[in-house]
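In: predicted model follows, preceded by the sequence.
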Amino acid sequence: MEVACVLIPETGFADPVEASELTELLLCRLERIGAAVESERPGEAFFALDGLRGIHGGESAGVLAAARRTAEMEVRIGAAPTRFAAHAAARREAIVPPPAAGDFLAALPVSTLVDRLGLPPREAGGLIETLRRLGIERLGALAALSPGRVADRFGPPGLRALRLARGEDSPLRPRRSHEELEAEVELPEGAAGGQLERALELLVDRLLAAPQRRGRRLLGLRLGARLAAGGGWSADQGLGRPTASPRVLRAVLAPRLEALPGPVASLRLRALGLGPPVGDQLELSVRGEEHRRRRLGDAIREVRAAQGADSLLEVLPLDSASRFPERRAILTPAAGR
């Protein structure tokens, strides 16, 4: 198996929010060429070349050229037999065939492992520094050590480093391909309050009216903003159950507007997942009291989702015989339902 890695250079984005947005855009574009993509960090994407060569000229180079064209942004691309080796190859924009993978990895400095071990930066840096003090400067020297010696000295992190140095890696875990469903509204300078709420209404309506939704319900949303002062902001919003109700979506998203760090130049809304293309099941017959109770429970959950857990109050009787009305009962947060 050969793995391709596509990297967005660090200069390609200004802040973490923009990094996330650009990465999602890159993943969606790579999926257009048939790639089953994996991405666990902003700015990078992996996919297997097997199965794509026949579509793009029969060679790995043809697949990588198609990936570069469809990316439509500055990227670094490389390929190698494993995820770790492909990442190193992408930084050098190289294609490493399987027979050459061992020599390629052996020549890499041990510092290449720092951000690939799944460790906090300080712990990963300490491991690499210890290896250097022991005279292990290249991955080839690390790969020559026995697993027992590495485990005794460095524990599980050392064994993880040893496996990567020897060209061993876990299989790719591609995400499920999905169509990009997004809406955006440009705002006048200094928009706030009612203008933001109206913009949110438009976003929800546009997202639900998009042809690619094809009647499917939404599983999750990401509300984002481009700030007037520069930079960005975003917040993910899960949904209690799949829905395509504009009223429900506005109710759960409206409180998010209060978290905006400043004036915004635009708002955007993206679907994080789509349910099956079916509508809500209609009930043929229900018992009146049971139906009312269920609808009341749904309304309570919606209000709490939109206004907070303590937004609903109930009357708690105290002294019904008191001459003072305020002593007969008090309002207290409603118990969970």
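Out: Sure, I can see it. Values in this document were obtained by computation on a predicted structure and should not be read as measured data. Numbering: from 1, shown residues only.
In: the closest residue to Leu218 other than its chain neighbours in helix, strand or coil?
Out: Residue nearest to Leu218 in three dimensions, not counting chain neighbours: Ala271, with 5.3 Å by CB to CB, 6 or more residues apart in numbering. Bear in mind the C-beta positions are built from the backbone N, C-alpha and C, glycine included. Following DSSP: H, G, I helix; E, B strand; the rest coil, Ala271 is assigned to strand.
In: can you pull the contacts of Ala271?
Out: Leu181, Glu182, Leu207, Arg213, Leu218, Leu219, Gly220, Leu221 (CB atoms under 8 Å, 6 or more residues apart in numbering).
In: the fifth one reaches Gly275, doesn't it?
Out: Going back to what we said before, that points to Leu218. Yes: if you go by CB atoms under 8 Å, Leu218 and Gly275 touch, sitting 7.2 Å apart.
In: more crowded one of these two?
Out: Between Leu218 and Gly275, counting by other CB atoms under 10 Å, Leu218 is the more crowded of the two (24 against 15).
In: for that one, what are phi and psi?
Out: phi -90, psi 140 (degrees, to the nearest 10).
In: beta-bridge partners for it, please?
Out: Taking DSSP bridges as the rule, Leu218 bridges to Thr243, Leu274.
In: what about it, distance to Gly167?
Out: 42 Å (CB to CB, to the nearest Å).
In: ok, now Arg293?
Out: Applying CB to CB to Arg293 and Gly167 gives a distance of 61 Å.
In: same thing with Pro263?
Out: For Pro263, the distance to Gly167 - CB to CB - is 51 Å.
In: of these two, give the one with the bigger neighbour count.
Out: Counted by other CB under 10 Å, Pro263 and Gly167 do not tie: Gly167 has more neighbours, with 19 against 15.
In: the more buried one in helix, strand or coil?
Out: Under three-state DSSP, Gly167 comes out as coil.
In: what packs against the one helix or strand Gly148 maps to?
Out: If you go by DSSP states H and E, Gly148 is part of helix 147-165. Judged by 3 or more CB pairs under 8 Å, 6 or more residues apart in numbering; DSSP states H and E, helix 147-165 is in contact with helix 121-133, helix 139-143.
In: now do 10 Å
Out: When contacts are defined as 3 or more CB pairs under 10 Å, 6 or more residues apart in numbering; DSSP states H and E, helix 147-165 sits against helix 83-91, helix 101-106, helix 121-133, helix 139-143.
In: and that helix with helix 121-133, angle?
Out: Here helix 147-165 runs at 110 degrees with respect to helix 121-133, directions being taken by axes from the mean of the first three to the mean of the last three CA atoms, to 10 degrees.
In: which helix or strand in this structure has the lowest average pLDDT?
Out: Each helix and strand of the chain was given a mean pLDDT (mean pLDDT, DSSP states H and E); the minimum falls on helix 288-307 at a mean of 65.
In: in its sheet, which strands sit next to the next helix or strand after that one, and in what direction?
Out: The helix or strand immediately downstream of helix 288-307 is strand 313-317, counting by DSSP H and E. Looking at strand 313-317 with DSSP bridges, its partner strands are strand 329-333 (antiparallel).
In: tell me the mean pLDDT for the partner strand?
Out: Average pLDDT, strand 329-333: 69.
In: cool, stretch 265-278 as well?
Out: Averaging pLDDT along stretch 265-278 yields 78.
In: what backbone torsions are found at Pro9?
Out: Residue torsions, per degrees, to the nearest 10, at Pro9 are phi -60, psi 150.
In: what do Leu218 and Gly275 both touch?
Out: Counting by CB atoms under 10 Å, 6 or more residues apart in numbering, the residues touching both Leu218 and Gly275 are Leu239, Pro242, Thr243, Ala244.
In: show the contacting residues for the third one.
Out: Translated: Thr243. Arg217, Leu218, Leu219, Leu249, Val252, Gly275, Asp280.
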